[in-house]
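> kindly return the folded structure for what I paste below:
(one chain, ligands or ions: 1)
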Amino acid sequence: MCPTRLFALIAACVVAAGCAVEEESDSNNHGFGFEYEAQATNGLTLRNEPDVVEPIELAVLADIYDQTQACTGISMPGPFVIVMAEQVDEHGQPGGQFSGLTFYGPPLVLITQGAIWTSVAQHEFVHYLLDQSGFPRERNEVHDSPLFTECVHFCGLLGCT
Ligand SMILES: [Zn+2]
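Model (predicted):
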(Lines give C-alpha, C1' and ligand atoms only; values in the text may rest on other atoms or scores of the structure.)
Protein backbone atom coordinates (compact mmCIF):
# COMPACT_ATOMS: atom_id res chain seq x y z
CA MET A 1 0.00 0.00 0.00
CA CYS A 2 1.88 3.03 -1.26
CA PRO A 3 0.05 6.35 -1.34
CA THR A 4 0.67 8.65 -4.28
CA ARG A 5 2.31 11.15 -1.97
CA LEU A 6 4.95 8.60 -1.03
CA PHE A 7 5.63 7.95 -4.70
CA ALA A 8 6.09 11.68 -5.20
CA LEU A 9 8.50 11.76 -2.29
CA ILE A 10 10.43 8.82 -3.69
CA ALA A 11 10.56 10.45 -7.10
CA ALA A 12 11.87 13.62 -5.48
CA CYS A 13 14.56 11.61 -3.69
CA VAL A 14 15.66 9.99 -6.89
CA VAL A 15 15.75 13.32 -8.68
CA ALA A 16 17.78 14.71 -5.80
CA ALA A 17 20.13 11.76 -6.20
CA GLY A 18 20.72 13.08 -9.67
CA CYS A 19 20.52 11.63 -13.09
CA ALA A 20 21.21 12.72 -16.62
CA VAL A 21 20.84 11.10 -19.99
CA GLU A 22 23.53 11.67 -22.58
CA GLU A 23 23.17 10.80 -26.24
CA GLU A 24 26.65 11.58 -27.56
CA SER A 25 28.36 8.83 -29.44
CA ASP A 26 31.99 8.12 -30.19
CA SER A 27 34.20 5.19 -31.10
CA ASN A 28 35.56 4.65 -27.60
CA ASN A 29 32.36 4.07 -25.63
CA HIS A 30 31.94 7.73 -24.68
CA GLY A 31 35.58 7.90 -23.65
CA PHE A 32 35.35 4.98 -21.22
CA GLY A 33 36.53 2.14 -23.41
CA PHE A 34 35.05 -1.36 -23.44
CA GLU A 35 37.24 -3.10 -20.87
CA TYR A 36 35.21 -4.96 -18.25
CA GLU A 37 35.88 -7.29 -15.33
CA ALA A 38 32.87 -9.58 -15.37
CA GLN A 39 29.70 -10.43 -17.28
CA ALA A 40 26.52 -11.97 -15.88
CA THR A 41 24.35 -14.55 -17.65
CA ASN A 42 21.72 -11.85 -18.28
CA GLY A 43 24.31 -9.93 -20.32
CA LEU A 44 25.05 -7.24 -17.75
CA THR A 45 28.70 -6.31 -17.92
CA LEU A 46 30.48 -4.66 -15.02
CA ARG A 47 33.58 -2.63 -14.34
CA ASN A 48 34.44 -0.96 -11.05
CA GLU A 49 36.85 1.90 -11.64
CA PRO A 50 40.22 1.44 -9.85
CA ASP A 51 39.57 4.27 -7.37
CA VAL A 52 36.24 2.83 -6.19
CA VAL A 53 36.46 2.03 -2.46
CA GLU A 54 33.24 0.00 -2.27
CA PRO A 55 33.17 -2.16 -5.42
CA ILE A 56 29.73 -3.40 -6.45
CA GLU A 57 29.46 -7.17 -6.88
CA LEU A 58 28.34 -8.49 -10.25
CA ALA A 59 25.76 -10.91 -8.80
CA VAL A 60 24.11 -8.19 -6.71
CA LEU A 61 23.86 -5.77 -9.62
CA ALA A 62 22.70 -8.48 -12.05
CA ASP A 63 19.94 -9.39 -9.60
CA ILE A 64 18.77 -5.77 -9.44
CA TYR A 65 18.74 -5.69 -13.24
CA ASP A 66 16.61 -8.86 -13.36
CA GLN A 67 14.15 -7.34 -10.88
CA THR A 68 13.94 -4.17 -12.99
CA GLN A 69 13.31 -6.21 -16.15
CA ALA A 70 10.52 -8.10 -14.40
CA CYS A 71 8.94 -4.91 -13.04
CA THR A 72 9.05 -3.04 -16.36
CA GLY A 73 7.99 -6.05 -18.41
CA ILE A 74 10.87 -5.29 -20.79
CA SER A 75 13.53 -7.95 -21.34
CA MET A 76 16.84 -7.03 -22.94
CA PRO A 77 20.43 -8.20 -22.56
CA GLY A 78 21.92 -6.21 -19.69
CA PRO A 79 23.88 -3.00 -20.19
CA PHE A 80 27.55 -2.24 -19.66
CA VAL A 81 27.80 -0.66 -16.20
CA ILE A 82 30.77 1.28 -14.85
CA VAL A 83 30.93 2.09 -11.14
CA MET A 84 32.47 5.50 -10.50
CA ALA A 85 34.20 6.69 -7.33
CA GLU A 86 32.55 10.09 -7.41
CA GLN A 87 29.59 11.83 -8.99
CA VAL A 88 29.84 12.83 -12.62
CA ASP A 89 28.72 15.68 -14.86
CA GLU A 90 26.43 15.29 -17.88
CA HIS A 91 29.36 13.98 -19.95
CA GLY A 92 30.39 11.37 -17.39
CA GLN A 93 33.36 13.35 -16.11
CA PRO A 94 34.15 13.29 -12.35
CA GLY A 95 33.16 16.23 -10.19
CA GLY A 96 29.58 16.72 -11.36
CA GLN A 97 26.26 16.43 -9.58
CA PHE A 98 24.95 13.14 -10.96
CA SER A 99 24.92 9.79 -9.15
CA GLY A 100 23.79 8.06 -12.30
CA LEU A 101 24.10 8.63 -16.03
CA THR A 102 22.82 6.64 -18.98
CA PHE A 103 24.34 7.00 -22.44
CA TYR A 104 22.25 5.71 -25.34
CA GLY A 105 24.54 4.85 -28.22
CA PRO A 106 26.35 2.68 -27.46
CA PRO A 107 24.44 1.98 -24.24
CA LEU A 108 26.47 2.67 -21.12
CA VAL A 109 25.35 3.15 -17.52
CA LEU A 110 27.46 4.99 -14.95
CA ILE A 111 26.60 4.75 -11.26
CA THR A 112 28.41 6.24 -8.29
CA GLN A 113 29.43 4.01 -5.41
CA GLY A 114 27.72 4.64 -2.08
CA ALA A 115 24.63 4.14 0.01
CA ILE A 116 22.01 5.05 -2.58
CA TRP A 117 23.47 3.14 -5.50
CA THR A 118 20.72 0.48 -5.54
CA SER A 119 17.94 2.96 -6.35
CA VAL A 120 20.22 4.83 -8.75
CA ALA A 121 20.92 1.56 -10.58
CA GLN A 122 17.19 0.78 -10.82
CA HIS A 123 16.57 4.28 -12.16
CA GLU A 124 19.29 4.02 -14.81
CA PHE A 125 18.11 0.52 -15.79
CA VAL A 126 14.63 1.96 -16.45
CA HIS A 127 16.21 4.57 -18.76
CA TYR A 128 18.16 1.81 -20.51
CA LEU A 129 15.23 -0.59 -20.89
CA LEU A 130 12.89 2.12 -22.14
CA ASP A 131 15.43 3.21 -24.75
CA GLN A 132 16.16 -0.33 -25.86
CA SER A 133 12.42 -0.91 -26.31
CA GLY A 134 12.10 2.11 -28.59
CA PHE A 135 10.54 4.52 -26.08
CA PRO A 136 10.85 8.16 -27.31
CA ARG A 137 14.12 9.63 -26.03
CA GLU A 138 12.67 13.09 -25.40
CA ARG A 139 10.15 11.53 -23.01
CA ASN A 140 12.77 9.24 -21.47
CA GLU A 141 15.01 12.21 -20.69
CA VAL A 142 12.30 13.97 -18.69
CA HIS A 143 11.23 10.78 -16.90
CA ASP A 144 7.85 10.78 -18.62
CA SER A 145 7.01 7.17 -17.77
CA PRO A 146 5.30 5.66 -14.70
CA LEU A 147 8.03 3.01 -14.65
CA PHE A 148 10.36 5.53 -12.98
CA THR A 149 8.19 5.41 -9.88
CA GLU A 150 6.81 1.88 -10.19
CA CYS A 151 10.17 0.19 -10.68
CA VAL A 152 12.54 2.37 -8.65
CA HIS A 153 12.52 1.77 -4.93
CA PHE A 154 14.26 4.05 -2.53
CA CYS A 155 16.31 2.12 -0.01
CA GLY A 156 17.08 3.94 3.23
CA LEU A 157 17.35 3.35 6.94
CA LEU A 158 13.86 1.82 7.04
CA GLY A 159 14.58 -0.60 4.23
CA CYS A 160 13.33 -0.50 0.68
CA THR A 161 9.92 0.89 -0.21
ZN1 LIG B 1 16.95 9.80 -14.85
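
> helix/strand/coil for the residue sitting nearest the centre point of the chain?
Among the residues of the chain, the one closest to the centroid is E124, at 2.3 Å (Cα atoms, centre = their mean). Three-state assignment for E124 (DSSP: H, G, I helix; E, B strand; the rest coil): helix.

> just the one 10 residues further on next, same as before
What three-state DSSP gives for G134 is coil.

> I'd say the residue nearest to the centre of the chain and T102 touch.
Yes: taking Cβ atoms under 8 Å as the definition, E124 is a contact partner of T102 at 4.9 Å. To be clear about C-beta, it is placed using only N, CA and C from the backbone, and glycine gets the same treatment.

> pretty sure I82 sits in a strand.
Yes: according to three-state DSSP, I82 belongs to a strand.

> I'd say it and D51 touch.
No: assessed by Cβ under 8 Å, I82 is found out of contact with D51, at 12.0 Å.

> neighbour-wise, which of these two wins?
Neighbours per residue, other Cβ atoms under 10 Å: of I82 and D51, the larger number sits with I82, 24 against 10.

> wait, what's in contact with the more buried one?
Going by Cβ atoms under 8 Å, 6 or more residues apart in numbering, I82 touches F32, L46, R47, N48, E49, L108, V109, L110, I111.

> got it, and N48?
Counted by Cβ under 8 Å, 6+ apart, N48 has contacts E37, P55, I56, I82, V83, Q113.

> next one: it from M84, what distance?
Distance, N48 to M84, using Cβ to Cβ, to the nearest Å: 9 Å.

> likewise D66?
23 Å.

> how near is the closest residue in space to M76 that isn't next to it in sequence to V60?
Excluding the flanking residues, the one nearest M76 by Cβ to Cβ, 6 or more residues apart in numbering is Q132, at 4.4 Å. To V60, Q132 is 22 Å away according to Cβ to Cβ.

> do the same with V109
Distance of V109 to V60, given as Cβ to Cβ: 15 Å.

> just give me the closest of the contacts of I82 to N140.
Nearest to N140 among the contacts of I82: V109, at 13.4 Å, using Cβ to Cβ.

> OK, contacts around R139?
Residues near R139 by Cβ under 8 Å, 6+ apart: S145.

> how many other residues sit next to L108?
Counted with other Cβ under 10 Å, L108 comes out at 23.

> next: E90.
Quick note: E90 (other Cβ under 10 Å) scores 13 neighbours.
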